[in-house]
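K.L.:
Structure of the sequence below:
(one chain, ligands or ions: 1)
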Amino acid sequence: LLNLCTRHANRLPPGPTPWPIVGNLPHLGQSPHRSLAALATKYGPLIHLRLGFIDVVVAASASVAAQFLKAHDANFASRPPNSGAKHIAYNYNDMVFEPYGPRWRMLRKLCLVHLFSNKALNDFRHIRQEEVAILTRALGGAGQSIVQLDKLLNLCISNALSRVMLGKRVFGDGSGGEDPKADEFKDMAAEVQVLAGEFNIGDFIPALDWLDLQGVTKKMKNLHTRLDSFLNTILEEHKTGSNNSRVSGHNHFLSMLISLKDDADGNGPKLSDIEIKALLLNLFVAGTDTSFNTVEWAIAELIRHPKILKQAQQEIDTVVGQDRLVTELDISQLTFLQAIVKETFRLHPATPLSLPRIASENCEINGYNIPKGSTLLTHVWAIARDPKIWTDPLKFQPTRFLPGGEKPNADVKGNDFDLIPFGAGRRICAGMSLGVRMVQLLIATLVQAFDWELANCLEPENLNMEEAYGLALRRAEPLMVHPRPRLSPHVYTSG
Ligand code: HEM
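P.N.:
As a prediction, the model looks like this:
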């Protein structure tokens, strides 16, 4: 019996047979999230792969994810070493890749208190609403021109974030027009997501790291230089007081970070310039792409489902009317709209494989051995499409979240493992509260204020809904649209 138990506990989860040296890297293909989902269908919801010399386990069902992120969360509270953290995120001097411990806790607390607590979110609500109103004016004034929605969404979200973090807009003058600097930043943030999502061979076969076979390291270093120069300008402006924005003041996140002092025993949260830049980088990169991709996917789905769009517009018209824009305070009354947001998070989760975690110690999950040092990938995307949990999982069907539907009480906040777009456990998305508010407000406003037509007379059923894999799951083709205003004209000109 003892023998049997020992053998059982030493067994790795099932998975495809690894090739020599490269292991299962060739199994990942162009869309690793889809390949891993297919492997989970074949081998079961807990699979093991060997990527180069690294053990990787994939949690592809709600119950397996709960085993890792609830029952064994303490053992998976850090992230594995990777070239993105080294070359882009200031050699692990950031928060996203900081190992679980006192410094990580300190950074998270700073963000929670100053950015993401209910108080902070309420204090800065007017900023989000002002930026969304600016976006609405820009879209309302588009006339016959074609709008690339993700660009304007990025501008809006980046400015809402930067007004809170830096006391000013980073892009544009607030008139809602396009800005080449914003385009450049958007491209850089998108590149971070693509490069960070790459399975870089050097991360898995250390002996090959120096060869940089895919050219990823070179691209990362180059990108880092550009991002660093962007962040240096921001930091210098603040230090020399040349921040001449109309909305500057000193009551913002960066001024607080700069003014932190050591406590008496020198252990206080004093941050170096590098640590400050790394944290700003984390927040901008993690906060912009995730949010605007989600909103872009939602509008694409609503264009393909005009009845659902109409129903959502009717709900908002009833609660808010057509003479003012919807606000964050209205959202609690918009149950159908909330269901649309949940359905978008389900079908198009911003980070399909979440962010990786690492096993600090050996542990046993579902009777399988998970070796110390294994990378855990939580397959948020596959869980949200699991046919054992969801009826017609590929259908965009917000009613599933309404009373009488299959999941009337599901929440996206890490409590219900069937739907974990923000991850779960100790390391759950730090900016979830802001992300949810921003995405809800943006989708509600775009639904309320416009009817949507696709550019070039494209029929909704022909809209390309393919994904482009990255750490954040973008649309393969950006959504090109004509927004048609549907509210009283003064709504698009006032404010
Ligand atoms: C649609 C919106 C968003 C989605 C779907 C999303 C998703 C995620 C996910 C899945 C993780 C990994 C969680 C885990 O390991 O279990 C994460 C981490 C993180 N997110 Fe988000 N996120 C969003 C918005 C934001 C925003 C707005 C911010 C900040 C401005 C942000 C900042 C972060 C940070 C700092 C981490 C790392 C947390 C840590 O390691 O302790 N995210 N996010």
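
K.L.:
give me the number of residues near His238?
P.N.:
Residues lying near His238 (other CB atoms under 10 Å) number 21. Just so you know, the C-beta spots here come from the backbone N, C-alpha and C atoms, and that holds for glycine as well.

K.L.:
Distance-wise, check it relative to the ligand.
P.N.:
19 Å (CB to the nearest ligand atom, to the nearest Å).

K.L.:
Where does the prediction get shaky in the stretch 201-350 of the chain?
P.N.:
242-251, 261-268 (pLDDT under 70).

K.L.:
quick check: mean pLDDT across stretch 128-144?
P.N.:
The pLDDT scores in stretch 128-144 average 95.

K.L.:
what's the answer for stretch 391-408, then?
P.N.:
97.

K.L.:
the strands in the protein, which residues?
P.N.:
46-51, 54-59, 147-148, 357-358, 363-365, 368-370, 375-378, 450-454, 467-468, 474-475, 480-485 (DSSP state E).

K.L.:
Quick check: the residue of the stretch 1-150 of the chain nearest the ligand.
P.N.:
Val96 (4.2 Å; CB to the nearest ligand atom).

K.L.:
got a list of what the closest residue to Pro80 other than its chain neighbours touches?
P.N.:
Leaving aside its chain neighbours, Pro80 sits nearest to Ile358 (4.1 Å; criterion: CB to CB, 6 or more residues apart in numbering). When contacts are counted by CB atoms under 8 Å, 6 or more residues apart in numbering, Ile358 touches Phe76, Ser78, Arg79, Pro80, Gly373, Ser374, Thr375, Leu376.

K.L.:
Among the strands of the chain, which comes closest to Trp104?
P.N.:
Proximity to Trp104, assessed across the strands of the chain by CB to CB, is greatest for strand 357-358 (12.9 Å).

K.L.:
Am I right that Asp273 is in contact with His238?
P.N.:
No. Contact criterion CB atoms under 8 Å: Asp273 and His238 do not qualify, at 10.9 Å.

K.L.:
Spit out the residues that contact these two alike.
P.N.:
With CB under 8 Å, 6+ apart, Asp273 and His238 have no common neighbours.

K.L.:
Just put the contacts of Ile358 in TSV and tack on pLDDT and neighbour count.
P.N.:
Shown next, in TSV, are these (pLDDT from 0 to 100; neighbours: other CB atoms under 10 Å):
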residue	pLDDT	neighbour count
Phe76	98	27
Ser78	97	19
Arg79	96	20
Pro80	93	18
Gly373	96	15
Ser374	97	23
Thr375	96	22
Leu376	97	25
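
K.L.:
of those, closest to Arg137?
P.N.:
Arg79 (40.5 Å).

K.L.:
which residue sits closest to the closest one, ignoring its sequence neighbours?
P.N.:
Phe97 (5.2 Å).

K.L.:
Angles on the backbone of the one you found, please.
P.N.:
phi -100, psi 0 (degrees, to the nearest 10).

K.L.:
what sits against the residue nearest to the spatial centre of the chain?
P.N.:
A centroid search over the chain (CA atoms, centre = their mean) returns Thr290, at 3.1 Å, as the residue closest to the centre. Residues near Thr290 by CB under 8 Å, 6+ apart: Ala350, Thr351, Gly435, Ala472.

K.L.:
just checking, Asn75 touches Cys363?
P.N.:
Yes. At 5.3 Å, Asn75 counts as touching Cys363 under the criterion of CB under 8 Å.

K.L.:
What's the biggest helix in this protein, counting residues?
P.N.:
helix 273-304 (DSSP state H).

K.L.:
Mind listing what's buried along it?
P.N.:
275-304 (16 or more other CB atoms under 10 Å).

K.L.:
That one: how far from the chain's middle?
P.N.:
6 Å (CA atoms, centre = their mean, to the nearest Å).

K.L.:
show me what contacts the closest residue to Pro352 other than its chain neighbours?
P.N.:
Distances taken as CB to CB, 6+ apart put Trp381 closest to Pro352, at 3.6 Å, once the chain neighbours are dropped. By CB under 8 Å, 6+ apart, Trp381 lies in contact with His33, Ala37, Pro349, Pro352, Leu353, Leu473.

K.L.:
Could you check how many residues crowd around the third one?
P.N.:
Okay, so that is Pro349. 30.

K.L.:
just the second one next, same as before
P.N.:
Here the neighbour count serves as a burial measure; for Ala37 (other CB under 10 Å) it reads 20.

K.L.:
If we ignore the residues flanking it in sequence, what's nearest it?
P.N.:
That would be Ala382: by CB to CB, 6+ apart, it lies 4.0 Å from Ala37.

K.L.:
Please list the residues of the stretch 1-150 of the chain that sit near the ligand.
P.N.:
Contact residues, the stretch 1-150 of the chain versus the ligand (CB under 6 Å from any ligand atom): Met95, Val96, Arg108.

K.L.:
any idea how far the first one is from Ala142?
P.N.:
Between Met95 and Ala142 the computed distance is 38 Å (CB to CB, to the nearest Å).

K.L.:
Between the two, tell me which one has more neighbours.
P.N.:
Counted by other CB under 10 Å, Met95 and Ala142 do not tie: Met95 has more neighbours, with 21 against 16.

K.L.:
show me the contacts for that one.
P.N.:
Met95 touches Trp104, Leu107, Arg108, Cys111, Ala278, Leu279, Asn282, Ala430, counting by CB under 8 Å, 6+ apart.

K.L.:
Redo those as a markdown table? Include distance to Arg128.
P.N.:
Shown next, in a markdown table, are these (distance: CB to CB, whole Å):
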| residue | distance to Arg128 |
| --- | --- |
| Trp104 | 27 |
| Leu107 | 23 |
| Arg108 | 22 |
| Cys111 | 17 |
| Ala278 | 25 |
| Leu279 | 21 |
| Asn282 | 20 |
| Ala430 | 18 |
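
K.L.:
Return the member of the residues you listed nearest to Gly197.
P.N.:
Ranked by distance to Gly197 (CB to CB), those are led by Asn282 at 15.9 Å.

K.L.:
Can you pull the residues of the stretch 351-495 of the chain lying near the ligand?
P.N.:
So far as CB under 6 Å from any ligand atom goes, the stretch 351-495 of the chain lies against the ligand at 351, 354-355, 421-424, 427-431, 434-435, 439.

K.L.:
hmm, the longest helix of the chain in reach of the ligand?
P.N.:
Yes. With CB under 6 Å from any ligand atom as the criterion, the ligand is reached by helix 273-304 at Asn282, Leu283, Ala286, Gly287, Thr290, Ser291, Thr294.

K.L.:
Which two of the residues you listed have the greatest separation?
P.N.:
Across the residues of helix 273-304 next to the ligand (CB to CB), the longest gap, 18.4 Å, separates Asn282 and Thr294.

K.L.:
if we can go back for a sec, tell me how many other residues crowd the residue nearest to Ala37.
P.N.:
Neighbour tally, Ala382, other CB under 10 Å: 26.
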